[in-house]
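Enquirer: here is the input, now give the coordinates:
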Amino acid sequence: MTTEPLFDLLRLRRSLCAAVVLVAAAWLGSCQPAGPTSTGEPMIEVIEGTRPATTHRAAPSATLPGSSAQPASPTPAPTQVAFASPRLATTVPPLSGASTLQPSAPANATATPTPATLPGATPTPRPTANLTLPPSLTPPGGNPNNSQSSPTPSRTPTPTPTATTASSACQPATQKAPPNAGWTINRVCIYQWASGEWEVYGELTNNTGSDQIGVDLDTGVDVEVNFYDSSGAPLATNSSWLYVLTLPNGATAPFAVPIYSASAPAQVDFSVSSTPATVSPRRDLQVVDGQAARNGPDVILTGQLTNPGADLADFAEIIVTFYGQNGAVIAVGYETIRALDLASGQTAPFQIYAEGQPDLIDINRPPMILALGY
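Expert: Modelled structure (predicted):
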């Protein structure tokens, strides 16, 4: 039996198998997903001992999203380098369309801040503000008048002629009855304001034998004033505390009591309400250089208070009595100084304004000053 036909049959079967394999390979190749679109980027073949030098650059027409402004010129982006093992060829992956590189400023460029704008809006330049000082103000560190060291101008005193208190300035009235025992009232002046209201000034001296304080223990001694007509009928009554917290035994302090009466008083009397103090104030504080002077319509007493003893617990108070030409009380003054400002051996300045009728104060009569420490 010959073998040639058998060989022909085997060749035919091998040809058919090759054809089937080729068809299957073509079919499988058509099912492969499409590869990434080429971006025209060169292939980088890494050779051992060398570094690829290919860079990516943004297209010259790249713009900010939503902006119509064009960049001045494309700026090279940082070099993208693909590192690989020796003898392996590697390619740089192409850039995605969603992450387009934006032009960046050179390293030596100066950044200029610009206001944020909405997409598509044209930025509006900000106006430049120019600050101009009024002519009356001076910038810090400058003083047009070098001879003045104080930045705050002081009130210039207005020349006022020295007032004289005539006897008619104080309404005459007879003292109907003396005050209650232990108290003495002197230098009384009953003054009527232009509005018709009245004010009674005077001095109260404590002769009770003990230091006195208000009945409520946290107020001063209370002085009550009573007005009567010529027949002795009451017209008006009012009271007010002294300008001192505690009045020591033998000390004198001023009072000023406003009172409302439709008629001028023909008689007047006083009554005092107080209780003995449990703590006595210090009386060793010393007033230095106390001088009263006019400053326009005001009268101001300036001076210094010295503490020669131990530290104060709370404060010091200064009570001032101003007199008119006839010697009656016509104004009062009051000031407190904190204990922190008047420690042992220290001196503190004070400035006290006269309250009442400063235009009637006789500057030639020294005021009475009472200083107490607590």
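Enquirer: shaky segments in the protein?
Expert: 1-168 (pLDDT under 70).
Enquirer: so where does the nearest residue to residue 323 once chain neighbours are set aside fall, helix or strand?
Expert: Computed as CB to CB, 6 or more residues apart in numbering, the closest residue to residue 323 that is not its neighbour in sequence is residue 365, at 4.5 Å. No exception for glycine: its C-beta is placed from N, CA and C like everyone else's. For residue 365, there is no helix or strand it lies in under DSSP states H and E.
Enquirer: who's in contact with residue 365?
Expert: 323-325, 327 (CB atoms under 8 Å, 6 or more residues apart in numbering).
Enquirer: which of those residues ranks first by neighbour count?
Expert: Using other CB atoms under 10 Å as the neighbour criterion, residue 324 leads the contacts of residue 365 with 26 neighbours.
Enquirer: pretty sure it sits against residue 359.
Expert: No: in this structure residue 324 lies outside contact range of residue 359 using CB atoms under 8 Å: 10.0 Å.
Enquirer: rewinding a little: which of the contacts of residue 365 fall in strands?
Expert: Judged by DSSP state E, these include residue 323 as members of strands.
Enquirer: possible to save the contacts of residue 365 as CSV with distance to residue 280?
Expert: Shown next, in CSV, are the contacts of residue 365 (distance: CB to CB, whole Å):
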residue, distance to residue 280
323, 28
324, 32
325, 36
327, 30
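Enquirer: sort out which one of the contacts of residue 365 lies nearest residue 213 for me.
Expert: Distance to residue 213, by CB to CB, is smallest for residue 323 among those, at 26.3 Å.
Enquirer: so what pairs up with that closest one in the strands?
Expert: With DSSP bridges as the criterion, residue 323 is bridged to residue 329.
Enquirer: likewise residue 317?
Expert: residue 336, residue 372.
Enquirer: neighbours around it, how many?
Expert: Residue 317 has 21 nearby residues by other CB under 10 Å.
Enquirer: pretty sure it contacts residue 334?
Expert: Yes: in terms of CB under 8 Å, residue 317 counts as a neighbour of residue 334; the distance is 7.1 Å.
Enquirer: check which helix or strand covers residue 203.
Expert: strand 198-206.
Enquirer: next SSE downstream of that strand?
Expert: On the C-terminal side of strand 198-206, the closest following helix or strand by DSSP H and E is strand 212-213.
Enquirer: now residue 227: how far from residue 198?
Expert: 8 Å (CB to CB, to the nearest Å).
Enquirer: with residue 362 instead?
Expert: Using CB to CB, we find residue 362 at a distance of 22 Å from residue 198.
Enquirer: show me the strands in the stretch 201-350 of the chain, by range?
Expert: 212-213, 222-228, 234-241, 252-259, 267-273, 275-276, 286-295, 298-306, 315-323, 329-338, 347-353 (DSSP state E, counting those that start in this stretch).
Enquirer: list the buried residues in the fifth one.
Expert: So the one you mean is strand 267-273. Going by neighbour count (16 or more other CB atoms under 10 Å), the buried part of strand 267-273 is 267-270, 272-273.
Enquirer: JSON lines please, covering the residues you listed and showing distance to residue 221.
Expert: Formatted as JSON lines, the buried residues of strand 267-273 follow (distance: CB to CB, whole Å):
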{"residue": "267", "distance to residue 221": "23"}
{"residue": "268", "distance to residue 221": "19"}
{"residue": "269", "distance to residue 221": "17"}
{"residue": "270", "distance to residue 221": "12"}
{"residue": "272", "distance to residue 221": "6"}
{"residue": "273", "distance to residue 221": "7"}
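Enquirer: let me know the closest of the residues you listed to residue 282.
Expert: residue 272 (23.5 Å).
Enquirer: contacts only, for residue 320.
Expert: 254, 301, 332-334, 352, 354, 367-370.
Enquirer: which one of these is nearest to residue 288?
Expert: residue 369 (10.7 Å).
Enquirer: okay, that closest one and residue 295: tell me how far apart.
Expert: Counting by CB to CB - residue 369 and residue 295 are separated by 19 Å.
Enquirer: good, we can wrap up now.
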